[in-house]
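Engineer: Provide a 3D model corresponding to the input given below.
(chains A, B and C)
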Amino acid sequence: MSDTLLKVEDLKIGARIYPPGEKPRDIEIVHGVSFELEKGKVLGLIGESGAGKSTIGLASMAYGRGGVEITGGKVWVNGREILGTSLRDLRKLRGTEVTYVSQSAAASFNPAKKIMEQVIEASLHQGKFSKKEAEARAVELFTKLGLPDPENIGDRYPHQVSGGQLQRCMTALALCPEPDLVVFDEPTTALDVTTQIDVLMAIKDAIRDTGVAALYITHDLAVVAQVSDEIMVLKMGEMVEHGTTDQIINHPKEEYTRDLVSVRSTQHDGQQPTDNPVLTVQNVTARYKGTNFDVLHNVTMELHPGQTLAVVGESGSGKSTTARVITGLLPPRDGKIIFDGRDLSSDLEGRSRDDLRELQMIYQMADVAMNPRQTVGTIIGRPLEFYFGMKGAEKKKRIIELLDEIELGEAFMDRYPAELSGGQKQRVCIARALAAKPKVIICDEVTSALDPLVADGILKLLENLQKIENVAYLFITHDLATVKAIADSIAVMYQGRVVRYGPKAEVLAPPFDDYTDLLLSSVPEMRLGWLEEVVTNRKMESAGN
Amino acid sequence: MHPVLKLVAQRLALGILLLFAASILIFAGTQILPGDVAQSILGQSATPEALANLRKELGLDEPAISRYFSWLGNALQGDLGTALTNGQEITKSLGSRLKNTLFLAFWAAVVAVPLAIFLGLLAVRYRERWPDKLISAVTLASISVPEFLIGYVLMFYVGVKLGWAPTVATIYDSMSLGQKLNAIALPVAVLTMVVLAHMMRMTRAAILNVMQSAYIETAELKGLTSFQVIYRHAFPNAVAPVVNVVMLNLAYLVVGVVVVEVVFVYPGMGQYLVDHVSKRDVPVVQACGLIFAAVYIGLNMIADIVSILANPRLRHPK
Amino acid sequence: MIRIPPAALIGLFFTGLYFFMAIFAPLIAPYSMTEIVGDVWEPSSSEHWLGTDNIGRDLLTRMIYGGRTTIFIATAATILSFVTGSVLGLTAAVIGGWVDQLMSRFVDLIMSIPTLIFALVVLSVMPVTLPILILVMGLLDSTRVYRLARAVAVDINVMDYVEAAKLRGERRGWIIFREILPNALSPLVAEMGLRFIFAVLFVSTLSFLGLGVQPPNADWGGIVKENKDGIVYGIPAALVPAVAIATLAISVNLVADWVLNRTTSLKGGRG
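Structural biologist: This is a model prediction of the structure:
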């Protein structure tokens, strides 16, 4: 027992919510969670949004964010009970014994102060080190975390370094006062995959070298599998399962855990291209109005009827811009779009109603893709009315058909978007696109904003609908796992160019070009030891450095 | 050139451009609209000869553009023309009145600014508790109340019933500072109340915005004391929005001065402007309008420049 | 059954009362507007509830008719500023490009001069009549409505659901009236309350300065001006119209607050 660093017993956490137009009321968001963490060990807290994982993480510092309050249970750090102690004692605990790394380092650094000043602030304040010692330790940590120019990076302001670098600076900030426990709250979620891997490796090395214990909070089981000794699965504020990483990943006991582990279950055997593509993007070069550089360079790709072309790349690769060119929102400087054998006008105004109908779009953020003042019935009904002139009973019948196809049913007709869950919203958007009876649907990161299990459901639905309606998808995503699951062909984009293109089997088979290799190898895999393997085998540095 | 200097220079240039455009607007407003200055001076019953003579005398027979440029050129050299009603040089009469107005506005600012920031901080400190609620209720009331109501209520109760302060704010040069301050006590109180609500509300919003940033949470999780969090992390980021708020409200104060001067018969620019609007003395109105616009544009410009200077992203470019 | 919070109820009551008195002024007022019925500044009595004014007219009568003038001018100016501002603002946001630039820069220019000062400059050469007052107030104030409407519409215009409508091939009319307007309505309605208050205060201020409604007609601001000299003799007649202005403004504010809260908490409200 003497090795126990953190002990949480029957922790209950409440929050005050403010439903519009009603009186504020208190709800419980964590219902009695217990666990222990030994010195030097890493515990992964995993769950979907609303599972209460961040809230539990912050409770180990006796901190409640916003209206959140710890309502019951006990928390011990180094054998001292911390709930209910004075603020003065808590301040000694925070910043020395327990420190915190947040998801967004960009927001968590004070924009008005230099990085070094902020990294060493806690150590100085708590009297742990002299200024000189603290600075030396910070530089040592910068070096260990693989930051460029570790001697001088502390003299910069937060906005002067990249997102991946700042996230590592935040880790240095947390490790600088030699804490016993660090709470990592989704530290790599906001980063591109190829950057994520470097930060992840840096964090893992730093944890090992300093012997610090950590709570690692994330929604990505594959990520947490790389860094933790134990994993605790949470759902809706309750513990589902707690075990060693090996046990959770390889022998999950609970069904929910099994679902999480096997979430990327959708399988799709790639089909071969046909002779007549339904959509061809030919040598497209484009730039945004008022800028003087091209964001797309000579982009060419083909989509075949009833198939899926996945366009994959990181932020800034030009994949969403390609979609804007295809839809006519951004007329290209050069090149053309051929749709079903005919040249499409480069701008929206020049396209016929049939051109528009046959090319539909589904967006990443379903909540802003639907007018909040329209009911589901109106949203799905409008294309029927607009393209096919349907009215009254005929329209209603078709709306109900579509609602059945997306597995929601008639009852949803009179609901407003605000009354739907994230997954349901995305389904309504799919129905709206299908209502137009399109030949091609552009799916722009349609699963990125969703929890893994919900996203998986959406992918399965899209897959089924493709078979029924024989519609082709241009599937834009940064997530290679999704690509593997649903694509027939793949275009890999990097800095506005297509760097690799072809049928899925070819694109995903070696030999790889350097970028595709980096991208493919960066996708976390759900097995132990994957991280180390990748880092030693890589050929190219990620762009985040 | 450093990007911040460039932005500041751009903002200064924009301010000058805006002032120039505003001068055109003020001039156009009095010249091109259907009303005729000569007609309004002489009234409906004037003979055509008298009208023609006066038009010639005022230079109204020249094209508007050349009149505008000679007016602007003279104004830039400090000559604002002569008043139609008494033939006096406007620059001369305006000088002492401008001084009086600035004196009044200055003391109102001295009282209002620290008070507003203090109350704003208080509202943040006791957010959603009774001091905050009281402050926001008073704010709601005071933005709905005309300046002259506050003025007459104070004059009636404090000035007449209690006799604590003079009801008419007459000041002249030979008065000592103490006498002057006594004379303007009520107008200063009114102006303070007029700008206080807005300034307090905006200060509260600006500070709350900073206090809800993630870096404040970081600082709290470092174990810093509340004072250190505010002093080291909130303050450097809150200065710019608060200065901005203060400048915008000082601009607002400049307008509030007009009504308050009339209420308390204070010999300042507002009183001077209102008198001459009723007498339809166009050159005086133009001159006053130009000066009010210049002060207003200037204060808004300072507010913008402060925001530019305080932004670390601009101050320390990549 | 709608639950109305007490603050909004008070607001509704006073707003309703003032509007009622404005509409039925000739039926309610005990005397005629210009009739001299007593001595100068008589205190309140059973015959003259609010006493008499600076030349012996019944103050209550003056107040009722004055309220009618104030409310009429403020309502007309608000409607004018609102229609002009929101139509131009929405149009500028949806059309964009140089049309938007031109209109927005012109509005910036007008707003760079304080409204009261600009109004005084214009009124120094224009004959002061009701239509001109309404026009000057309405147009000057429409700049603020324009800014708000444009800002709200620009925010909504980049939403994916508007893009979806554009990609569907919808016409501009559908996009403005079916996609943007329903979502822009609640901030605009709340603004309407504020604009009305501003118009009440503005016309009162102008009349108080002697540059608004001209005697023998008077609005509340004018009645303050007529009776202000009594203050120094301890006669509070000037406070009566001033208090009326304040209560009207506060009441409308309370109602506007409530309407804003209600519309955003409707089904399908944002958030």
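
Engineer: does chain C sit close to stretch B:232-249?
Structural biologist: No - counting by Cβ under 8 Å from any Cβ of the partner chain, chain C is not contacted by stretch B:232-249; separation bottoms out at 12.0 Å. For glycine as for every other residue, the C-beta is placed from the backbone atoms N, C-alpha and C.

Engineer: close to chain A, is that stretch?
Structural biologist: Yes - judged by Cβ under 8 Å from any Cβ, stretch B:232-249 and chain A are in contact via B:232-233, B:236-237.

Engineer: And the closest residue to chain C within the stretch 151-300 of chain A, how close does it get to C:Ile175?
Structural biologist: Nearest to chain C, among the residues of the stretch 151-300 of chain A, is A:Lys289, at 10.1 Å (Cβ to the nearest Cβ). According to Cβ to Cβ, to the nearest Å, A:Lys289 and C:Ile175 sit 20 Å apart.

Engineer: Any idea which of the residues of stretch B:232-249 next to chain A the model trusts least?
Structural biologist: Checking pLDDT across the residues of stretch B:232-249 next to chain A, the minimum falls on B:Pro236 at 84.

Engineer: contacting residues around it?
Structural biologist: Shown in contact with B:Pro236 (Cβ atoms under 8 Å, 6 or more residues apart in numbering or on different chains): A:110, A:112-113.

Engineer: contact partners of the host helix or strand of B:Gln228?
Structural biologist: Here B:Gln228 sits within helix B:226-228, counting by DSSP states H and E. The contact list for helix B:226-228 (Cβ under 8 Å, 6+ apart) reads A:125, B:219.

Engineer: got the buried residues for it?
Structural biologist: B:Gln228 (16 or more other Cβ atoms under 10 Å in any protein chain shown).

Engineer: what about it, average pLDDT?
Structural biologist: In the prediction, helix B:226-228 has an average pLDDT of 84.

Engineer: Now whichever helix or strand comes after that helix: buried residues?
Structural biologist: Proceeding N to C from helix B:226-228, the next assigned helix or strand is helix B:235-263, under DSSP H and E. Going by neighbour count (16+ other Cβ under 10 Å), the buried part of helix B:235-263 is B:236-238, B:240-263.

Engineer: Let's see stretch A:527-543 as CSV, backbone CA atoms only.
Structural biologist: What follows is stretch A:527-543, C-alpha atoms only, in CSV (Å, rounded to 0.1, in the frame of the first residue of the first chain):
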residue,chain,number,x,y,z
ARG,A,527,-1.5,-3.4,-30.2
LEU,A,528,1.2,-3.1,-27.6
GLY,A,529,4.6,-1.9,-28.8
TRP,A,530,3.4,-0.4,-32.0
LEU,A,531,4.6,3.1,-31.2
GLU,A,532,8.3,2.1,-30.7
GLU,A,533,8.2,0.0,-33.8
VAL,A,534,7.0,2.9,-36.0
VAL,A,535,9.3,5.5,-34.7
THR,A,536,12.4,3.3,-35.4
ASN,A,537,11.2,2.5,-38.9
ARG,A,538,10.3,5.9,-40.2
LYS,A,539,11.9,7.5,-43.2
MET,A,540,10.5,11.0,-43.2
GLU,A,541,10.1,13.7,-40.5
SER,A,542,6.5,14.8,-40.0
ALA,A,543,5.5,18.3,-41.0
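
Engineer: Which residues does that stretch contact?
Structural biologist: Stretch A:527-543 is contacted from outside by A:164, A:192, A:194-195, A:197-198, A:200-201, A:204, A:222, A:225-227, A:245-246, A:249, A:314, A:514-515, A:517-518, A:521-522, A:524, using Cβ under 8 Å, 6+ apart.

Engineer: Next step: these restricted to helices.
Structural biologist: A:164, A:194-195, A:197-198, A:200-201, A:204, A:222, A:225-227, A:245-246, A:249, A:514-515, A:517-518, A:521-522 (DSSP state H).

Engineer: what's the neighbour count on A:Asp456?
Structural biologist: 21 (other Cβ atoms under 10 Å in any protein chain shown).

Engineer: Could you check how far A:Thr85 is from chain B?
Structural biologist: Counting by Cβ to the nearest Cβ, to the nearest Å, the gap from A:Thr85 to chain B is 13 Å.

Engineer: what's the helix or strand for A:Lys12?
Structural biologist: A:Lys12 belongs to strand A:4-17 when elements are defined using DSSP H and E.

Engineer: Would you indicate which residues of that strand are buried?
Structural biologist: Buried residues in strand A:4-17, defined by neighbour count with 16+ other Cβ under 10 Å: A:5-8, A:11-15.

Engineer: farthest-separated two in the residues you listed?
Structural biologist: Greatest spacing in these, by Cβ to Cβ: A:Leu5 and A:Ala15 (26.9 Å).

Engineer: just to revisit the earlier point, tabulate the buried residues of strand A:4-17 (JSON lines), appending distance to A:Ile379 and pLDDT.
Structural biologist: Below are these laid out as JSON lines (distance: Cβ to Cβ, whole Å; pLDDT from 0 to 100):
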{"residue": "A:Leu5", "distance to A:Ile379": "52", "pLDDT": "90"}
{"residue": "A:Leu6", "distance to A:Ile379": "48", "pLDDT": "92"}
{"residue": "A:Lys7", "distance to A:Ile379": "51", "pLDDT": "93"}
{"residue": "A:Val8", "distance to A:Ile379": "45", "pLDDT": "92"}
{"residue": "A:Leu11", "distance to A:Ile379": "42", "pLDDT": "92"}
{"residue": "A:Lys12", "distance to A:Ile379": "40", "pLDDT": "92"}
{"residue": "A:Ile13", "distance to A:Ile379": "37", "pLDDT": "91"}
{"residue": "A:Gly14", "distance to A:Ile379": "36", "pLDDT": "89"}
{"residue": "A:Ala15", "distance to A:Ile379": "32", "pLDDT": "85"}
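
Engineer: Make TSV out of these and add distance to A:Phe475.
Structural biologist: Output for these, formatted as TSV (distance: Cβ to Cβ, whole Å):
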residue	distance to A:Phe475
A:Leu5	45
A:Leu6	43
A:Lys7	47
A:Val8	42
A:Leu11	41
A:Lys12	43
A:Ile13	39
A:Gly14	41
A:Ala15	37
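
Engineer: just for the chain, where's the confidence low?
Structural biologist: Defaulting to chain A. Along chain A, the model assigns pLDDT under 70 to residues A:1-2, A:18-23, A:263-267, A:539-545.

Engineer: my question was about chain C
Structural biologist: The model of chain C has pLDDT under 70 over residues C:1-2, C:261-271.

Engineer: mind listing the helices for it?
Structural biologist: Taking DSSP H, the helices of chain C run over residues C:6-23, C:25-28, C:59-95, C:97-111, C:115-123, C:130-157, C:160-168, C:172-174, C:181-208, C:220-227, C:239-264.

Engineer: among these, which is the most enclosed?
Structural biologist: Counting by mean count of other Cβ atoms under 10 Å in any protein chain shown, helix C:220-227 has the highest mean neighbour count of the helices of chain C, with a mean of 28.

Engineer: re earlier: neighbour count: A:Lys289 and C:Ile175, which is higher?
Structural biologist: Taking neighbours as other Cβ under 10 Å, A:Lys289 and C:Ile175 compare with C:Ile175 leading, 18 against 6.

Engineer: got a list of what that one touches?
Structural biologist: By Cβ under 8 Å, 6+ apart, the residues touching C:Ile175 are C:94, C:162, C:165-166.
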